[in-house]
Every structure is written in structure tokens, then in C-alpha cells.
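Enquirer: sequence and predicted model, in that order:
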Amino acid sequence: MKKILIMNGPNLNLLGVREPGIYGGDSLSSINEEIRKKAEEKGMETDFFQSNHEGELIDRLHAAMGKYDGIIFNAGAYTHYSYAIRDAIAAIKVPVIEVHISNVHTREEFRHKSVISPVCVGVVAGLGKKSYICALEYFA
Ligand code: DQA
């Protein structure tokens, strides 16, 4: 059975409350539950991790080595400037899909750049919570 880790970075614990016009009204736990059910339908196992701390995200990426077939990762604002997270993704031999709820390319200039895209297998952005589901379908 394929095992997929779903990771969320800073401020994504506030989904549902945080700028709902941009990120929607669903909480992270309800989105995670949808992902879990979808994965189950497809015969996959899921684990979930959220942190507001760069080092904890890096530790979780390291710990994923040899344990997961894929990682779906919304790194939040770290996407745009964390070379440490970029290097962690490059170091582990687990394919990572970068996801964003919003279409970062229609937003502020600083969101147009991702330092993690070059080390990810793909990017899904702008589809709301469906961004996570699309990434899951790729791993399925
Ligand atoms: C985000 C986009 C980022 O620019 C932002 O910092 C986030 C969320 C998204 O899911 O659309 O925290 O990754």
C-alpha cells in the first residue's frame, strides 16, 4: 500500500479563519479528512503534519526518508525564500509535490517565485483544496 505524507507549513493551521476570500472557509482538519478519505478510496495510507517552524518541517522531511512513496507539501510563505527547505527536499529520496491553495501567480510579486519548485516533481496551485487532491491523484 502506498504511503503519502501531507505537510503544511506556517499559518496553514489557521485555514478557515485566515483570509477566507483567498484560502476558503474549510479548516485544515476538514481538508485533511477529505484527503484521507480520497486516499483510502484509492488504497493509499496518509499521514499529516503541520508546523509553523522551519526546522520542524525540515526534521519531518528527513524522517520521511524510506517511509513514504510521496509527499504533498504546502510550504506556505517558506516556498518563496527557504533555501533550507529546498535543500532538505533535494536531500531526501522521496518525490515531493509543491501545492498552493491560491494561485500565487495572480498575487503579490514576492509569491511569484518558488525556491522549492526546482527540486519538486510538480506544482499544483490555485485550485483551492482540490490542489491537494490533484497531487494525491498523481501519486495514486
Ligand atoms: C500558500 C501561498 C503562499 O504564498 C502563502 O504564504 C501561504 C499559502 C497557498 O496555499 O496558497 O501561506 O502556500
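Expert: Thanks, I have it.
Enquirer: tell me how far the closest residue to residue 1 other than its chain neighbours lies from residue 96.
Expert: In space, and not counting its chain neighbours, residue 1 is closest to residue 45: 5.5 Å by Cβ to Cβ, 6 or more residues apart in numbering. Backbone N, C-alpha and C define where each C-beta goes, glycine included. Distance, residue 45 to residue 96, using Cβ to Cβ, to the nearest Å: 17 Å.
Enquirer: okay, these two: which has more neighbours?
Expert: residue 96 (26 against 14; other Cβ atoms under 10 Å).
Enquirer: ok, longest helix in this protein?
Expert: When the chain is scanned for its longest helix (criterion: DSSP state H), the result is helix 28-41.
Enquirer: report the buried residues of the helix or strand just after that helix.
Expert: Using DSSP states H and E, the helix or strand that follows helix 28-41 in sequence is strand 44-50. Of the residues in strand 44-50, 44, 46, 47, 48, 49, 50 count as buried by neighbour count, 16 or more other Cβ atoms under 10 Å.
Enquirer: isn't residue 89 up against residue 116?
Expert: Yes - using Cβ atoms under 8 Å, residue 89 is in contact with residue 116, at 5.9 Å.
Enquirer: shared neighbours, those two?
Expert: Both residue 89 and residue 116 are contacted by 73, 96, under the criterion Cβ atoms under 8 Å, 6 or more residues apart in numbering.
Enquirer: measure residue 46 to residue 79 for me?
Expert: For residue 46, the distance to residue 79 - Cβ to Cβ - is 21 Å.
Enquirer: and if you look at residue 61?
Expert: 14 Å.
Enquirer: these two: who's more crowded?
Expert: Taking neighbours as other Cβ under 10 Å, residue 61 and residue 79 compare with residue 79 leading, 25 against 22.
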